[in-house]
Each structure stands twice: as C-alpha cells, then as structure tokens.
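structure of the sequence below:
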Amino acid sequence: MGAFDKTLRGLDDAQTLLELAAEMNDEASAQEAEGTLASLEGEVAKLELARMLSGPQDRSNCFMDINPGAGGTDSMDWAAMLLRMYTRYGETKGWKVEISDALPGEEAGFKNVSLRIEGENAYGYLKAEVGVHRLVRISPFDANARRQTAFASVDVYPEVDDSIQIDLPEKDYELKFIRGSGAGGQKVNKTSSTAQLRHLPTGIMITCQTERSQSANKDMAFQILRGRLYELEMKKRDAERDAAEAAKKDISFGSQIRSYVLAPYRMVKDLRTGVETGNVDKVLDGDLDEFVTAQLLGVKNPNRNAAAD
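This next block holds a predicted model:
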C-alpha cells in the first residue's frame, strides 16, 4: 500500500497547487498541476486494479469453459464467436490460449469448448467474465432472416499448482483413454491418446486431447480437475460465508451478465456495471478491458433490473 498512499499524497499536493494557481491566476502552474493530476489519477486506477488482482489465485493460469444454451445452432455459433473473442483478448494480454477440448456442432460452432489460458493474472482478469452472455442478431441460419436470441455460459477456474493440496484418492476417479475426435477435415490423433477423467463424487467429466501422448493428456486432465475442484471448494466457502451473495453469483440462463445486440441496433452492455459501447465489432475482436476493469473495480449498475429486461 506504500505506492498507493504515495500516489494519493501526490494527488492532494497537485490539487492544492491547482487551487493556489487559480487564486493567483497563474495559468502555467495551473496547466502543470492539471497534467500532474491526470497522470496521478491514471496511476491510482492502475494501483486500485492491482489491488483487486491480489487474490490467492489471481496470478494463476486458468481454464475456461464455454457452453451454448438456449438458441440451437445460433447458440453453438455464439460459443465459437466467444472463443474467438477471448482468444483475441488473450493475445492483447500476451497470454497463450489453447483449446483443451471441443465438441463441434452439427452445422456450426461448438456444443462445448474448453480452453487453457496461460499468462500473468489470467484468472484474475477472466473471473470477471463468468456468467451468461446473450447475443441478439439476424440469424444467418434462418431462411427467413429473422432476429434470434442466443445464450452461452462462460465459466472460469484457476489452474491449481502443486502447492495447493486437492485430495484425489484413486477411489474417487475413473481414468480411461479413447480415440480423439475433431471437426470435419481436422487432423486428429488416430491412437487412443485422449484422456477421459471422471470425478465420481461430483460427476465432473474432463476430456483432454490437446497433447500427443497419453501421459501428457492425463496430466492436463488432472490439472483441469484440480482447478475445478478448487473452484467448487471456494464457491462452497463463499456460500457458507454469505449464502445470499452466493445465490446472486449462481450461473443460470436467467442470470445474464452482458448483452451483445447486433440488430436492430448495435450495442454491447454489461448488466452488472452499466458499461456499454456501440462499437460491437471492437468488443468481439477482444477489446474487453473497459468491461473487465469495471467489474473488477466493483462498479455497480444502478439500473440493473431495468437493463435486464
């Protein structure tokens, strides 16, 4: 907090200088003070964001699951659009984003897709994206070119390192290896190297076919499972501490966090914070910082209920 306090003192000093300059009609000093204020305000915002990324797992790599909901083929295509959006966002952060598992849809998109994101503060930033994302557009799959609404849920959980103990006795899981699968025309491994790991107490099923060997896919599957179990434990503790707040965070297709409207007008709006923009293409190309930062800093939308309608 030393840097934060120092910056706040600098803000106070600059504000005092600005007031004195105004009293003395010293335009040069006023301009200098205004420049210092603007710079320090930006620094305060950076420090506040850093404070919000100081959780025990915020610096960790993470895994992301994207699952289409109501909307049929449009929702599967929406899952593919979200995959592209988060891949581009990861590129702007210098992260490595790779698909760990994917089940293609019959016509387009994905029935589900899982990612591993490697990079500094990956979990800290992307935890702000957990929830249901809603797309409204003229469907390219509708012969009558009608407007359709599609939903997809995003879940994010940290990659848990070996310093965090997650108990995984052999009796609690089943591990087997199967042949890989992929989209049409996609090169797949013909050997039985895909790891399929089921956690019996929770029913969590992990499939990993990214790596070329059984052992590498097995290791990745266990990494993902440990992250899922860690996140479950954290949610359980949150619920015990504050059941009402946990209920608000529960993911369902009625708990939308953001709407992306492409027709009849163009707008992306976060229902939690009220942040919005008409530049939909920029957002879908991965420009998410404004939305993510507002959520991490705890900005609240005063018209949340009205915005959700």
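
in a helix, residue 57, correct?
No: counting by DSSP: H, G, I helix; E, B strand; the rest coil, residue 57 is not found in a helix; it is coil.

surely it and residue 156 touch.
No: using Cβ atoms under 8 Å, residue 57 makes no contact with residue 156, being 10.6 Å away. C-beta: built from backbone N, CA, C; applies to glycine.

all helices for the chain, in order.
Here the chain has its helices, by DSSP state H, at 2-23, 27-52, 72-93, 122-126, 214-241, 243-249, 280-284, 289-296, 304-308.

in the fourth one, what's buried?
The neighbour-count criterion (16 or more other Cβ atoms under 10 Å) identifies 122, 123, 124, 125, 126 as the buried residues of helix 122-126.

could you report the neighbour count for the residue nearest to the second one when sequence neighbours are not counted?
For residue 123, the nearest residue in space outside its immediate sequence neighbours is residue 62; the separation is 3.8 Å by Cβ to Cβ, 6 or more residues apart in numbering. For residue 62, the neighbour count with other Cβ atoms under 10 Å is 26.

again with residue 300
Neighbour count for residue 300, taken as other Cβ under 10 Å: 10.

distance of the nearest residue to it once chain neighbours are set aside relative to residue 258?
In this structure, residue 300 finds its nearest non-sequential neighbour in residue 273, 6.8 Å apart by Cβ to Cβ, 6+ apart. The spacing between residue 273 and residue 258, counted by Cβ to Cβ, to the nearest Å, is 9 Å.

and for those two, which residues touch both?
Residues touching both residue 273 and residue 258 by Cβ atoms under 8 Å, 6 or more residues apart in numbering: residue 291.

domains of the chain?
The record's domain parsing of the chain by automatic domain parsing lists 2-52, 58-309.

looking at those, which one is packed in the most?
domain 58-309 (a mean of 17; mean count of other Cβ atoms under 10 Å).

quick one: it to chain centroid distance?
Chain-centre distance of domain 58-309: 7 Å, with Cα atoms, centre = their mean, to the nearest Å.

what pLDDT, on average, does it get?
Domain 58-309 carries an average pLDDT of 85.

residues in contact with the residue nearest to residue 123?
Contact analysis of residue 62 by Cβ under 8 Å, 6+ apart lists 116, 117, 122, 123, 126, 127, 156, 157, 158, 159, 227.

list the contacts of stretch 97-109.
63, 68, 73, 75-81, 83, 86-87, 90-91, 110-118, 141, 181-184, 206-210, 220, 224.

using CSV, write out every CA atom in it.
Presented in CSV, the C-alpha positions along stretch 97-109 are these (Å, rounded to 0.1, in the frame of the first residue of the first chain):
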residue,chain,number,x,y,z
VAL,A,97,-4.6,-19.5,-25.3
GLU,A,98,-5.1,-23.1,-26.4
ILE,A,99,-8.1,-25.4,-26.8
SER,A,100,-8.0,-28.3,-24.4
ASP,A,101,-11.3,-29.9,-25.5
ALA,A,102,-14.0,-29.1,-28.0
LEU,A,103,-17.1,-30.8,-29.4
PRO,A,104,-18.1,-29.2,-32.7
GLY,A,105,-21.8,-28.5,-33.5
GLU,A,106,-23.5,-30.3,-36.5
GLU,A,107,-24.0,-27.1,-38.5
ALA,A,108,-21.7,-24.5,-36.9
GLY,A,109,-19.8,-23.6,-33.8
